[in-house]
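>>> Everything below, folded, please.
(2 chains)
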Amino acid sequence: MNHYTHILPRIKRKWLLLCVALLKVVLSALKVDDGKPEPYPLVYPANFGGRFTIPADNPLTKEGVHLGRMLFYEKQLSADNSLSCGSCHQQKLAFSDGRALSVGVDKSLTSRNAMALVNLLWVRNFFWDGRSASLEDQAVFPMTNPHEMGQSLDESVRKLQQTPVYPALFKKAFGTANIDADKIRKALAQFERTLISADSPYDRYLAGTYQPTSQELRGMTLFMEAPAPERGMRGANCGHCHGGPKTFKELFHNNGLDAAPKDTGIEAISHQASDKGRFRVPTLRNIALTAPYMHDGRFKTLEEVIDHYNEHLQESATLSTFLRGTSNEKGGKTLLLNATEKADIMAFLHMLTDTTFINNPAFSDINYSQKQ
Amino acid sequence: MRNIRNIGYRLLILFLSISLLSHAQNTATLSISGEVLTPLELKKEDLASYKQQTYKTKGKEGKEHEYKGVALVEVLEKAGVTLGGKLRGENLAKAVLVKAADGYEVVYSLPELDPEFTTNVVLLVTEKDGAPLPTGEGPFRLIALQDKKQARWIREIRAIKVVFVKD
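Coordinates of the predicted model:
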């Protein structure tokens, strides 16, 4: 081959090179324009593990995630154009809203506290009672619930179809400008799967790039270890339910908020008496940002939460066996930590705040930033 | 008039059966499903027909307890899981996934349960110290006597699923 190019006259070679270059440009232009959305690479630390499933019919694409982000902040998805998902799930509060209960379009209150949206990729059963099995399913609840966004999916489709922007965005993401409810759900789910928080001081400690203070280290040990007074071991056993690199294990427990709970949690779905007052154990990522706490937002501060586990557990038949009688004193009914130990645990909880996550420009209100 | 009364009766029967149904759901059952020939939905009483075994062993807190139950492998055999002579070839890539009411999950492999492979016993227990397992531990729990750590002594089991491990 090589000796051929040798014998080509100089000028001809130049032309050939030019043609090749031109062909390349044309081809690359074709590639961008082939209408196929580009895969969206998910980046997460290996210690988070790969136990998640992305539905085969809704792979993550850059165009899909972009559309999902637009929709997440789109107020036209609500009956009076006043609320978007982002109203109750604000990035600066790790996608929670700072209220005990949220206000819907009908000005009434939601029955439970708005959950932080963090590392949803690894969640398998959504909501405080785990009643929804996928993000695609989940999104229908807030959109159509009269106490949240209060608009039928048909109406949302109609409104979006009439806008100048959305038909083109749906075409880019899904290959057709015909908007339907299914595609709205899919795009929202795609965006939500990208909400990965993995850069808190605790993550950096696990990655070996952050040296915790001695108080943080003491708090971490107390958080992770179970108390064993007979062996002189002190602990708070939080890690049993809230442990692991993600500080999220998908568990469901009654953590002793009420002796006779008004909201019976997953019992209402499973009809099993042993599920009374059992709720999903939520993630503790960014927990310092997501007050107030618990499914009904009853505790305003983390201090109140620690006091709850330490002194105020309510006994009932379904109180988790991992809390009952777990104590630092022989025969104690609750943890009975001292003031220094409580402060140590607080220090550890603050290690879970991921400022990279709440400032990540990829998650912000795109409609708003474009208006700026 | 008659029609109305008829409808009334029907409604009554409907309500009665609904309340009976929801009552039935209140007794916790254990489902055996997945790669089985006969899926089972077991109540505590259903285990009476199996060979009962008792074991005395120390719990986590160091106290000795007497557990009573049946070999898990016998229940799996009843469901038609590939054990004994059938536990070969691709069936060795199956696992037993055990799920608890709180979402906790553990895995056993079939050879860990099959007496042709091992002398170890994994027991499906329903009684502790002569009484039914308490709420939060029962009605069904596993104890794996050979395990030095008790993390697979999974409490409050709701479901056992035999699955192929897929890579």
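>>> what's the closest non-adjacent residue to the residue of chain B found nearest chain A?
Going by C-beta to the nearest C-beta, chain A is nearest to B:Gly136 of chain B, at 3.8 Å. Glycine gets a C-beta too; all of them are placed from N, C-alpha and C. Of all residues not flanking B:Gly136 in the chain, A:Thr321 sits nearest, at 3.8 Å (C-beta to C-beta, 6 or more residues apart in numbering or on different chains).
>>> Could you check how far that neighbour is from B:Gly62?
16 Å (C-beta to C-beta, to the nearest Å).
>>> More neighbours: which of those two?
A:Thr321 (17 against 9; other C-beta atoms under 10 Å in any protein chain shown).
>>> List the contacts of the more buried one.
B:136-137, B:155 (C-beta atoms under 8 Å, 6 or more residues apart in numbering or on different chains).
>>> quick one: what helix or strand has it in it?
Using DSSP states H and E, A:Thr321 maps to neither a helix nor a strand.
>>> in chain A, what secondary structure element scores lowest on mean pLDDT?
When the helices and strands of chain A are compared on mean pLDDT, DSSP states H and E, helix A:2-7 comes out lowest with a mean of 45.
>>> Apart from its chain neighbours, what residue comes closest to A:Trp128?
Once flanking residues are discounted, A:Trp128 sits nearest to A:His295: 4.4 Å by C-beta to C-beta, 6+ apart.
>>> phi, psi of the residue nearest the centre of chain B?
Nearest residue to the geometric centre of chain B (C-alpha atoms, centre = their mean): B:Leu30, 4.3 Å. Main-chain torsions, B:Leu30, degrees, to the nearest 10: phi -120, psi 120.
>>> Make sure it is actually in contact with B:Ile154.
No: the criterion here is C-beta atoms under 8 Å, and B:Leu30 misses it with B:Ile154 at 11.7 Å.
>>> quick one on the thing from earlier: next, give phi and psi for the residue of chain B closest to chain A.
phi 90, psi -20.
>>> so what's it up against?
Contacts of B:Gly136 by C-beta under 8 Å, 6+ apart are A:274, A:318-321, A:324, B:155-156.
>>> CSV for those, including pLDDT, secondary structure and distance to A:Arg285?
Compiled in CSV, the contacts of B:Gly136 are given as follows (pLDDT from 0 to 100; DSSP: H, G, I helix; E, B strand; the rest coil; distance: C-beta to C-beta, whole Å):
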residue, pLDDT, secondary structure, distance to A:Arg285
A:Ser274, 92, helix, 29
A:Thr318, 95, coil, 27
A:Leu319, 96, coil, 25
A:Ser320, 96, coil, 21
A:Thr321, 93, coil, 26
A:Arg324, 92, coil, 27
B:Arg155, 95, coil, 27
B:Glu156, 95, coil, 27
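>>> Closest to A:Lys246 out of those?
Nearest to A:Lys246 among the contacts of B:Gly136: A:Ser320, at 20.1 Å, using C-beta to C-beta.
>>> what's the nearest residue to that closest one if we skip its chain neighbours?
Here the residue nearest A:Ser320, using C-beta to C-beta, 6+ apart, is A:His253, at 4.1 Å.
>>> re earlier: for chain B, see how far away the residue nearest to A:Trp128 is.
16 Å (C-beta to the nearest C-beta, to the nearest Å).
>>> which bits of chain A sit near chain B?
A:125, A:130, A:230, A:249-253, A:270-275, A:278, A:317-321, A:324 (C-beta under 8 Å from any C-beta of the partner chain).
>>> Filter those residues down to the ones in strands?
Among those, the ones falling in strands (DSSP state E) are A:252-253.
>>> what's near enough to touch the residue in the stretch 101-250 of chain A that chain B sits nearest to?
In the stretch 101-250 of chain A, the residue that lies nearest chain B is A:Glu250 (5.2 Å; C-beta to the nearest C-beta). By C-beta under 8 Å, 6+ apart, the contact set of A:Glu250 is A:122-125, A:280-281, B:103.
>>> Mind giving me the PyMOL command for buried ones among these?
In PyMOL syntax, the buried subset of these is picked out as below (16 or more other C-beta atoms under 10 Å in any protein chain shown):
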select buried, (chain A and resi 122+123+125+280+281) or (chain B and resi 103)
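>>> Which ones among the contacts of A:Glu250 lie within strands?
Among the contacts of A:Glu250, the ones falling in strands (DSSP E) are A:Arg280.
>>> For the residue of the stretch 251-372 of chain A found nearest chain B, give me phi and psi.
Using C-beta to the nearest C-beta, the closest approach of the stretch 251-372 of chain A to chain B is made by A:Thr321 at 3.8 Å. Main-chain torsions, A:Thr321, degrees, to the nearest 10: phi -70, psi -10.
>>> now do B:Glu127
phi -130, psi 150.
>>> Stretch A:92-106: which residues count as buried?
So stretch A:92-106, judged by 16+ other C-beta under 10 Å, has buried residues A:93-97, A:99-105.
>>> Tell me the one among these nearest to A:Asp258.
For the buried residues of stretch A:92-106, the residue nearest A:Asp258 by C-beta to C-beta is A:Ala100; the value is 15.4 Å.
>>> For chain B, see how far away the closest one is.
Using C-beta to the nearest C-beta, which is the criterion applied here, A:Ala100 is 26 Å from chain B.
>>> how about that residue, what does it touch?
A:113, A:292, A:296-298.
>>> Selecting buried members of those residues in ChimeraX, what would you type?
Applying 16+ other C-beta under 10 Å to those, the buried members can be selected in ChimeraX as follows:
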select /A:113,292,296,297
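>>> Pipe the contacts of A:Ala100 into a markdown table and attach pLDDT and secondary structure per row.
Below are the contacts of A:Ala100 laid out as a markdown table (pLDDT from 0 to 100; DSSP: H, G, I helix; E, B strand; the rest coil):
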| residue | pLDDT | secondary structure |
| --- | --- | --- |
| A:Asn113 | 98 | coil |
| A:Pro292 | 98 | coil |
| A:Asp296 | 98 | coil |
| A:Gly297 | 98 | coil |
| A:Arg298 | 98 | coil |
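>>> for the stretch 1-150 of chain A, which spans come out with low pLDDT?
Filtered on pLDDT under 70, the stretch 1-150 of chain A yields the residue ranges A:1-34.
>>> which stretches of it form helices?
A:2-7, A:10-32, A:62-72, A:85-88, A:135-138, A:140-144 (DSSP state H, counting those that start in this stretch).
>>> Kind regards, and thank you for your time.
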